[in-house]
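A.B. asks: Any chance you can model this:
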Amino acid sequence: VLLGSIGFLFFKSRRLTILAASLIVFMILATWLMPKINPALLNSGAFFQYRELRGRVGDWLKENKLLFWEEGETATVAVYETSDGIRYLASNGKIDASTCVDLETEILLGQIPLILKPETRTVLVVGLGSGITLGSVLTHPVQKVDVLEIEPAVARGAEYFSSANSQALADPRVTVRLEDARHYLSSTNNTYDLIIAEPSNPWVAGEGNLFTKEYFELAKERLTEDGVMMQWLHYYQLSEREVAAILNTYHTAFPHIAVFGSLAPPGDLYLVGSRQDINISSRELLAVFNKPAQKDLARININNPEEFLAHFLFTEGKLKDFLSAEAIVLKDNKPLLEFRAPLSLYEKDIHKQNLYKLNSALEDAHRLLSDQNLEWAERAFNWRAQLINFYIFFLEGKSDEADRALEEILKIDPLIFECPATVN
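C.D. replies: Below is the predicted model:
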């Protein structure tokens with residue numbers, strides 16, 4: 001309209017000239033007087049957490065202080081701090097990292113594979129996020145860590161987590177590459193002892209190709225012969241069909257897998273894949289709690305081998321108990337996940353159904369211990385079973401059973417459901 005009005009100025013008609021000038025003035029005033037968009041609200045993820053925002057937008061804005069935001073090349077990135085001192089990073093309004101609910105996952109993605117493979121020296125981390133996983137990796141004597149992050153704004157946002165990630169980005173062992181993961185893996189000749197992949201949720205547009213057979217095979221080619229891959233996966237907003245498809249696809253690339261999971265609350269899976277059998281001795285595991293990694297694990301209330309083993313769920317031997325007969329293999333030329341996953345977002349009882357499946361596939365932790373330490377395995381199994389049963393009772397609405405289970409859990413670990421930011 002503005003350009004058209006300017007064009008009218010070149011007409012000889014006085015009437016058209018006045019009209020054009022009036023339109024120009026109007027457009028300038030409208031632009032100047034137009035209310036400014038609130039970036040804190042713009043990045044709040046209203047599409048996702050509409051229940052929390054409904055009727056209390058003003059309170060939410062007071063409780064969540066915007067520290068950083070940037071319209072990046074591939075996403076709008078924001079960092080907030082709550083009134084409780086908890087920080088979180090959001091990409092297009094969807095929270096991808098935090099110093100509270102996500103902390104267990106962020107730390108275990110870095111710690112689990114390095115505990116299982118302490119001789120690791122070269123690491124590739126796919127997805128920077130808050131940098132907390134990177135910080136966990138650096139508590140081990142690794143020599144080189146490459147980080148792939150497709151969005152430069154995320155790298156700038158991660159600077160607001162320097163305390164939580166122990167200044168990881170300043171470590172001389174770290175190189176951040178602003179590059180697409182699949183492009184890098186297909187073009188580099190570098191190989192790694194460990195690849196940690198923590199993409200966003202599969203229902204996010206563009207993430208589906210980070211869960212396909214071709215991608216997992218590509219990652220395997222960049223591993224050393226005895227290298228391992230750690231893959232993050234959630235099951236709280238994915239149907240059984242999607243979770244089974246991802247597990248089945250991952251297993252086609254890696255004959256040996258060990259599945260770990262978050263406990264407080266359950267909802268995340270950590271898939272360790274390798275060409276070789278995955279295990280650890282009691283002596284090696286005990287040694288972890290005499291190293292710098294111990295302090296990092298203590299942030300999520302893991303203070304001994306049993307509490308670490310409680311996160312172990314099952315290996316490839318029990319995978320069949322989780323997979324349905326029709327579990328598919330996800331492929332690049334048939335991107336079913338990217339189109340099916342969003343349909344699961346608002347479905348009811350998905351989390352509960354996946355917990356039932358997990359419960360049926362649980363395996364004794366002695367399967368992971370090469371020296372069969374039955375005492376540790378039994379205590380870990382009981383602790384894990386108590387937690388999972390509590391959540392099943394809770395989701396089923398069995399309040400009396402849930403209360404009794406919760407009472408027993410809190411006797412063992414009274415801080416298990418507390419955010420580290422509020423504990424310290």
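A.B. asks: How many residues are close by residue 29?
C.D. replies: 10 (other CB atoms under 10 Å). Glycine gets a C-beta too; all of them are placed from N, C-alpha and C.
A.B. asks: which residue ranges form the helices in the stretch 1-150 of the chain?
C.D. replies: 2-8, 14-33, 39-42, 50-53, 57-63, 103-116, 132-137 (DSSP state H, counting those that start in this stretch).
A.B. asks: from the middle of its chain, how far away would the fourth one be?
C.D. replies: Taking the mean C-alpha point of helix 50-53 and that of its whole chain, the gap between them comes to 22 Å (CA atoms, centre = their mean, to the nearest Å).
A.B. asks: That one: which residues count as buried?
C.D. replies: For helix 50-53, a neighbour-count test (16 or more other CB atoms under 10 Å) marks residue 53 as buried.
A.B. asks: what about it, average pLDDT?
C.D. replies: For helix 50-53, the mean pLDDT works out to 76.
A.B. asks: tell me the mean pLDDT for stretch 56-64?
C.D. replies: For stretch 56-64, the per-residue pLDDT averages 87.
A.B. asks: got the contact list for the residue positioned nearest the centre of the chain?
C.D. replies: Centroid check for the chain by CA atoms, centre = their mean gives residue 198 as the closest residue, at 5.5 Å. Taking CB atoms under 8 Å, 6 or more residues apart in numbering, we find residue 198 in contact with 109, 125-127, 129, 133, 232.
A.B. asks: Against residue 342, how distant is it?
C.D. replies: Distance, residue 198 to residue 342, by CB to CB, to the nearest Å: 20 Å.
A.B. asks: repeat for residue 57
C.D. replies: The spacing between residue 57 and residue 342, counted by CB to CB, is 25 Å.
A.B. asks: go on, residue 321?
C.D. replies: According to CB to CB, residue 321 and residue 342 sit 28 Å apart.
A.B. asks: Specify the beta-bridge partners of the nearest residue to residue 65 once chain neighbours are set aside.
C.D. replies: Excluding its sequence neighbours, the residue lying closest to residue 65 (CB to CB, 6 or more residues apart in numbering) is residue 81, at 4.9 Å. Under the criterion DSSP bridges, residue 81 forms beta bridges with residue 65, residue 87.
A.B. asks: Check the burial of residue 81 by counting its neighbours.
C.D. replies: The burial count for residue 81: 18, using other CB under 10 Å.
A.B. asks: distance between the longest strand along the chain and the chain's centre?
C.D. replies: Ranked by number of residues, the top strand in the chain under DSSP state E is strand 223-234. Distance, stretch centre to chain centre, for strand 223-234: 15 Å (CA atoms, centre = their mean).
A.B. asks: list the buried ones in it?
C.D. replies: 223, 227-234.
A.B. asks: Name the single longest helix found in the protein.
C.D. replies: When the chain is parsed with DSSP state H, its longest helix is helix 374-396.
A.B. asks: any idea which helix or strand comes after that helix?
C.D. replies: Downstream of helix 374-396, the first helix or strand assigned by DSSP states H and E is helix 399-412.
A.B. asks: before we move on, back to that, with the buried residues of strand 223-234 in mind, which one is nearest to residue 354?
C.D. replies: Set against residue 354, the nearest of the buried residues of strand 223-234 by CB to CB is residue 234 (9.6 Å).
A.B. asks: okay if I get the buried residues of strand 223-234 as a markdown table plus pLDDT?
C.D. replies: Shown next, in a markdown table, are the buried residues of strand 223-234 (pLDDT from 0 to 100):
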| residue | pLDDT |
| --- | --- |
| 223 | 98 |
| 227 | 97 |
| 228 | 98 |
| 229 | 98 |
| 230 | 98 |
| 231 | 98 |
| 232 | 96 |
| 233 | 94 |
| 234 | 91 |
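A.B. asks: The stretch 151-300 of the chain: helices as residue ranges?
C.D. replies: Using DSSP H, counting those that start in this stretch, the helices of the stretch 151-300 of the chain run over residues 152-157, 181-187, 213-221, 240-253, 282-288, 293-298.
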